[in-house]
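A.B. asks: The amino acid sequence is not available; the structure is as follows:
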DNA sequence: GTGAAAGCGCTAACAT
DNA sequence: ATGTTAGCGCTTTCAC
């Protein structure tokens, strides 16, 4: 059935230890002759070492766990792809998990990953399992938070400057003459959403924009349509809007389409996140792009530092903050829009 | 450091085997008293079994490998999500790999996954490592092909009826009065692309459409633009077009936008794949939707059958074929288009 | 240079 | 009902 190191040793007429040395490329401990002998025997038997057994002994699995909120979102995917690329280069594999922002699922995954002895974990934290995060850190599990910060947990973190990015987006809208700007996000349960809202608030304050409670919407995706209907039924309508992420955008676009609102004439629009089709919409869509590939790589590197102990596992937490890039397209420009009434 | 089953046994004053029985919920082999004792001891010590050690012994890792072409594509993501959901229910974890259609990467991943003793593998095959696929099957590794068939490998397969789906799409275009229909796919290296092209050819034949070599484009993504330029520079232009997948679509949309071609008046368009924003484009986009969630679940189930040996590992291969659904929207309709020159 | 032996943490007969 | 024992396949001292 399965061919083991013992089979190789016997057939090559050497001991298990020598074969093991060979496998670990410690050729200095053997004659060129035995080395040759082992090599051919391995080929003949088509032997492949059992990594499980090795891992048990070495206490390293060359596997890391990645827990995202929901991989179906563009941002998560790009991050996952970057992480997978990076870890492949490092000869590490990635176990992928979707928490769906559910603290129970997150807990189960974290515990399973630990039990499976992964070498490290990258997490889009729900923020609701703080004591578990702390426990993991205490037990020296390399742990890195992505996209969101969690107060009080001494763990590495990679985030973007959410507040600043939204501030700039709002400022851009203000420069286009808008005074009545709305923002919509999912519930303010995680740091990135809170920070985006804060960036908006600061912009409203500092740029002297119209300050209204109704312009700050934070609710579940399913409620967005009705909130929008309400917002636009009144007389105090916003003239511009920021979508807090891709999901929120989809709802807003539906609303706009259903109500035939001219963009940007009646409503200017900016979305937070790299939307793959932003440049194909009519009008094209202004977006706040997160540097997902760089973030993924950075996260991978920080985690690897801890795993290889280049940076002590119990060292102080490191936080890496990336800047976003505002990609200005037609949906936020005051300028007259082109004559195209079709894609083009 | 790490707390083991031995620690629990000692502290609880029982033997390792009893603790092991407890862990495996074989409570009939112990008194309520010892059971209680073990339970509290485990809690006190915050003991967690080392799954690695268990796996080594049991020869099951509760982990499966999924190798997709590129997770960044909508189709792959949805499949991955469905797979992850299904396997979570089965208490299995998923190692995710991106092959980028590169046979070397695919080979490395397949070998690593086998060495890591995964319980099964789901693969979007490049088709170029046939002997390796065969070897895996021979060595009783549960292996399932997704999205593409591979001739001559006795392995379970989940695909859609690509030919039929494209036939129907072409037929729909013909019904709208089109005689000159083009199709663009990536290179015809995998079965799904070949089958889509075949469906087109059959439709052209059977429905008496104009048969021209220039209308059947299959090339790398990077070449699509120039191919399109060529196609539309001539006098024999198509009046309708089918995009072989999401990536192809993006190129076509760019071309259409750059050249301000009215859709569907000058060019009707249908895309193969569930495009998340199809209903938000102007005009809305007709699409051939694959039942990704069902496919993912089906694939998961077929693989689990083999893993649990409900179906013998050496049994005959099973092929599950799903039907696609043509979702007709504005981009393929002859009817006069609505007056909207914005999203709406 | 090479091999013997111990052990990673767990499970699973087999005794008792 | 509980304990003893023998591994799973590999790595790693430590002798020779």
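C.D. replies: All right, it came through fine. If you're wondering where the values come from, they're calculated on a predicted model, not measured in any experiment.
A.B. asks: C-alpha from now on. contacts and neighbour counts both.
C.D. replies: Noted.
A.B. asks: Now the stretch 51-200 of chain A against DNA strand C: closest residue?
C.D. replies: Nearest residue of the stretch 51-200 of chain A to DNA strand C (C-alpha to the nearest atom of the strand) works out as residue A:57 at 3.6 Å.
A.B. asks: number of nearby residues for that residue?
C.D. replies: Residue A:57: 12 surrounding residues under other C-alpha atoms under 10 Å in any protein chain shown.
A.B. asks: which bits of the stretch 1-150 of chain A sit near DNA strand D?
C.D. replies: Residues of the stretch 1-150 of chain A lying near DNA strand D by C-alpha under 7 Å from any atom of the strand: A:2-6, A:16-18, A:20-21, A:23-24, A:48-51, A:53-54, A:56-58.
A.B. asks: isn't there a strand covering the residue of the stretch 51-200 of chain A closest to DNA strand C?
C.D. replies: No - read with DSSP: H, G, I helix; E, B strand; the rest coil, residue A:57 is helix and lies in no strand.
A.B. asks: what about residue A:285, how many neighbours?
C.D. replies: 25.
A.B. asks: is residue A:96 in a bridge, and if so with what?
C.D. replies: Per DSSP bridges, residues listed as beta-bridge partners of residue A:96: residue A:66, residue B:94.
A.B. asks: give the contact list for it.
C.D. replies: By C-alpha atoms under 8 Å, 6 or more residues apart in numbering or on different chains, the residues touching residue A:96 are A:65-68, B:84, B:93-96.
A.B. asks: repeat that for 7 Å
C.D. replies: A:65-67, B:94-96 (C-alpha atoms under 7 Å, 6 or more residues apart in numbering or on different chains).
A.B. asks: Equivalent analysis for residue A:132, please.
C.D. replies: For residue A:132, no contacting residues are found, by C-alpha under 7 Å, 6+ apart.
A.B. asks: closest point of the stretch 101-250 of chain A to DNA strand D, which residue?
C.D. replies: For the stretch 101-250 of chain A and DNA strand D, the shortest gap (C-alpha to the nearest atom of the strand) falls at residue A:117, measuring 14.4 Å.
A.B. asks: Can you list the residue ranges for strands in chain A?
C.D. replies: A:63-68, A:93-98, A:120-123, A:143-146, A:156-160, A:181-185, A:216-218, A:240-243, A:268-272, A:286-289, A:319-322, A:325-327 (DSSP state E).
A.B. asks: Just checking: what are the partner strands of the third one?
C.D. replies: If I follow you right, that is strand A:120-123. When pairing is defined by DSSP bridges, strand A:120-123 lines up against strand A:63-68 (parallel), strand A:143-146 (parallel).
A.B. asks: Tabulate the strands of chain A (JSON lines), appending mean pLDDT.
C.D. replies: Formatted as JSON lines, these follow (pLDDT from 0 to 100):
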{"stretch": "strand A:63-68", "mean pLDDT": "98"}
{"stretch": "strand A:93-98", "mean pLDDT": "98"}
{"stretch": "strand A:120-123", "mean pLDDT": "98"}
{"stretch": "strand A:143-146", "mean pLDDT": "98"}
{"stretch": "strand A:156-160", "mean pLDDT": "98"}
{"stretch": "strand A:181-185", "mean pLDDT": "98"}
{"stretch": "strand A:216-218", "mean pLDDT": "98"}
{"stretch": "strand A:240-243", "mean pLDDT": "98"}
{"stretch": "strand A:268-272", "mean pLDDT": "98"}
{"stretch": "strand A:286-289", "mean pLDDT": "98"}
{"stretch": "strand A:319-322", "mean pLDDT": "98"}
{"stretch": "strand A:325-327", "mean pLDDT": "98"}
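A.B. asks: mind listing what residue A:137 touches?
C.D. replies: Neighbour list for residue A:137: residue A:143 [criterion: C-alpha under 7 Å, 6+ apart].
A.B. asks: Residue ranges of each domain in chain A, please.
C.D. replies: A:5-49, A:62-160+A:292-322, A:162-289 (the TED database).
A.B. asks: ok, and does the longest one reach over to DNA strand C?
C.D. replies: Right, the one you point to is domain A:62-160+A:292-322. No - using C-alpha under 7 Å from any atom of the strand, domain A:62-160+A:292-322 never reaches DNA strand C; the gap is at least 8.5 Å.
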